[in-house]
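Trainee: sequence unknown, structure follows:
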C-alpha cells in the first residue's frame, strides 16, 4: 500500500465527483434478488444496499469547525475502480452524517460545490483477495458548511418546491378520480368504477415517485402548504383506498353471471394484465441499470436490451389479441367492454415504459455517456469558453456596402481579409512584460482607377512593459508582400511603432486566477520613406494612429487614422498620398466569437515628380462585416 495526499483542481473535482456519483447511485438502487416493490412510504434507506462493493462496519464522519469530513473505503479490480468506489462510500458517509435525503444527494453530486475536496489516503493491492477485487482504497472528503448551505438553499430548495407542487397536483387529480369511482361503484357501473380506480392508482404512483427521494419535512408546497412526510401519508391512504376499490369492483364483477364468450374475454384481459405485471416486474428488478445505464458494462446492457425486446414483443402480441377480442364483442357492452379498455390502457402504459427503458439502454450501448460527456466538454470548450484573447483569428468577407457613389450600394467586390494576432501580458511583481505580434492582409484604393487595388500582407511585433501607471511599448512592422492588381511585387515597406495602454487583472472566468490583459491600446506608427528619387515632405511627414479598446467581455471597439504615401505606377510622380480612416465595433456572442461591423474610408491623390498634388483624387468608403474567434 502507498499513500497519496493533496487536493485536485475544481474542474477535475467535478469530474471526480461525477464519476463517484455513478458508483454512489448504482449501489443504493441495486435490488436484492427476489425483492418485491416496496409500498408507498417504505423506500429503502439512502446508505443501505446489499450490493455494496466493500462492507464498512462504521460510517466515519466528523465535524471540524465549519467543515465536514467523511471517509470511505472501496475495493475494485483496479486502483481506479477502488478509488471510485471509495469516493462513493465517502459521499454516502457524508450524506448519512448530515441526515440528507436522496434528492439532496443527487443534486449535490451532479453539480458538486467548489468547496468539495477529495483526498486519496491509501490505495494499493489488498493483503487478501476478495470477490470484489484485489485492490482497495481509502478516500477522505472535506466540504465546508457554507457549500452545504448554498446547495440546500439554492437548487435543492427549488427542486423540492417543484416536486412538492407536482405531487400536490397529482394527489388532487387522484382524489377527484376516487370520488368519481365511488359514485360509479355506488350506481353499479363497475366498468367505469374499475377504470376510474385504475387511473387514480396511476396518478398516485406518478405523484409519489416525485417526492419519493424527498425526506425534508421543513419544506412545504406552495399550493396547500404541506410537507413531504404529510404528502406521503396522504398518498399511502389514497393508494389503499384505490386498491380496496379495485378489489371491491372485481369481486362484484366475479359475482355476475358469465357466459362462455364472457369468460373467454375475461381470460384475454387476465393474460393482458399478467403480461403487464411481468413487464413491471422486469422494470423493478432491473431498476439500477435502467436508472443509470452508464454505470454498467456493455455485456450486462446487451443482455438487458434483449430481455426488454422480448417483453415488448410479448406486450404487442397480447395487445393485438386483446384488440381482436374486443372486436368480437360486437354490441356487447357493460363491464366487459370497460375491462378491455382498462387492460388496453395498462398495456399502453407498460409498453411506453419498456420502450423508453429500451431506448436508454440502446443509446448507452451505441453512444456511451462517457463519450457523450467528452463531446459536450469539447463543444463547450470550443464555443462557450471565456477567452483570454492570447490568440485571435479574424476574417472579413467580401460582401458589404459601398458608400462612395453618393448612396449606399450592395457590393461583392471587397477583398477577403484575414488577420491573426497573438498577445500576452506576463506578470512580474506589480508589473510585467507585454508582447504582441500579428499577421494581417489588407487593401488600399489608389488614385488612378486603372491601378486597381493595392494588396498587402504584413506583420508586426511589439514589446512593452506595464505597471501600476500603465503600459508603454515599442515595435516594428514590415511587409511580406505588397502588390497592385495585375502588377508585379512592389518594394516592401517598414514602420516604427510607439504606444501606450492599460493592463488589468479583471479578466478571468472565475474558475482560475484572473489573468492580466491589455484593456486598451493606443499606438502611433511612422512608415519609413519609400521615395527613391528624393525625399518629399509628404513622404517623410507620414504617420498613423490606431486604438483598440476592450469593453469588458462584451464588446470591442477599434479606430484608426493614417496618412501614408503609396507607390502608383499610373501617377505622374509614381506615388500617391493616401488619407485613410476606419472604425469597427464588435459584440461577443457567445464570448469566444466577436461579430462586428467595420466602416472604412480613404482619399487618394496622385503626386507629381516634385511631391505636389497632381490631381486624380479618388474617394472610397465601405461597410462590411467581420467575425473574430479568440482563445
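Mentor: Perfect, I can see it now. Not measured: the values here are computed from a predicted model.

Trainee: buried stuff in the helix or strand residue 349 falls within?
Mentor: Element membership of residue 349, judged by DSSP states H and E, is helix 335-366. Residues 335-336, 338-344, 346-347, 349-351, 353-354, 357-358, 360-362, 364 are the ones in helix 335-366 that count as buried (16 or more other Cβ atoms under 10 Å). C-beta coordinates here come from the backbone N, C-alpha and C atoms, glycine included.

Trainee: before we move on, what about stretch 432-446?
Mentor: So stretch 432-446, judged by 16+ other Cβ under 10 Å, has buried residues 432, 434, 436, 438, 440, 441, 442, 443, 444, 445, 446.

Trainee: Contacts for the following helix or strand past the helix holding residue 349, please.
Mentor: Remark: after helix 335-366, the chain's next helix or strand is helix 369-383, criterion DSSP H and E. Applying Cβ atoms under 8 Å, 6 or more residues apart in numbering, the external contacts of helix 369-383 come out as 18, 293, 294, 590, 592, 593.

Trainee: Buried subset of those residues as a ChimeraX selection?
Mentor: The ChimeraX selection below is limited to those of the contacts of helix 369-383 classed as buried (16+ other Cβ under 10 Å):
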select :293,294,592
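
Trainee: With respect to residue 455, which of the contacts of helix 369-383 is nearest?
Mentor: residue 593 (26.8 Å; Cβ to Cβ).

Trainee: thinking that closest one is in contact with residue 628, fair?
Mentor: Yes - counting by Cβ atoms under 8 Å, residue 628 is a contact partner of residue 593 at 7.1 Å.

Trainee: list the contacts for the residue lying closest to residue 214 once chain neighbours are set aside?
Mentor: Distances taken as Cβ to Cβ, 6 or more residues apart in numbering place residue 228 nearest to residue 214, at 4.3 Å, with adjacent residues excluded. Counting by Cβ under 8 Å, 6+ apart, residue 228 makes contact with 160, 164, 211, 214, 215, 216, 217, 219.

Trainee: For the stretch 151-300 of the chain, give me the ranges with low pLDDT.
Mentor: For the stretch 151-300 of the chain, the stretches flagged by pLDDT under 70 are 254-262.

Trainee: Let's see that with 50 instead.
Mentor: Where the stretch 151-300 of the chain drops to pLDDT under 50, the residues are 257.

Trainee: now the stretch 501-631 of the chain
Mentor: 507-508, 510-512.

Trainee: Can you show me the helices along it?
Mentor: 537-540 (DSSP state H, counting those that start in this stretch).

Trainee: got the phi/psi numbers for residue 571?
Mentor: phi -80, psi 150 (degrees, to the nearest 10).

Trainee: Show me what counts as buried in the lengthiest strand in the chain.
Mentor: Counting residues, the longest strand found in the chain (DSSP state E) is strand 613-630. Neighbour counts over strand 613-630 (16+ other Cβ under 10 Å) mark 614, 616, 618, 620, 621, 622, 623, 624, 626, 628, 630 as buried.

Trainee: beta partners of the third one?
Mentor: When bridges are assigned using DSSP bridges, the partners listed for residue 618 are residue 604.

Trainee: thinking it is in contact with residue 446, fair?
Mentor: Yes - when contacts are counted by Cβ under 8 Å, residue 618 is listed as touching residue 446 (7.0 Å).

Trainee: which residues do the two both contact?
Mentor: With Cβ under 8 Å, 6+ apart, residue 618 and residue 446 have common neighbours residue 604.

Trainee: Show me which residues of the helix or strand hosting residue 179 are buried.
Mentor: Using DSSP H and E, residue 179 maps to helix 157-186. By 16+ other Cβ under 10 Å, the buried positions in helix 157-186 come out as 159-160, 163-164, 166-168, 170-171, 173-175, 177-178, 180-181, 184-185.

Trainee: Starting from that helix, tell me the next helix or strand along the chain.
Mentor: By DSSP H and E, the next helix or strand past helix 157-186 is helix 190-211.

Trainee: Give me the packing partners of that following helix, helices and strands only.
Mentor: In terms of contact count using 3 or more Cβ pairs under 8 Å, 6 or more residues apart in numbering; DSSP states H and E, helix 190-211 is assigned the packing partners helix 157-186, helix 228-254, helix 335-366.
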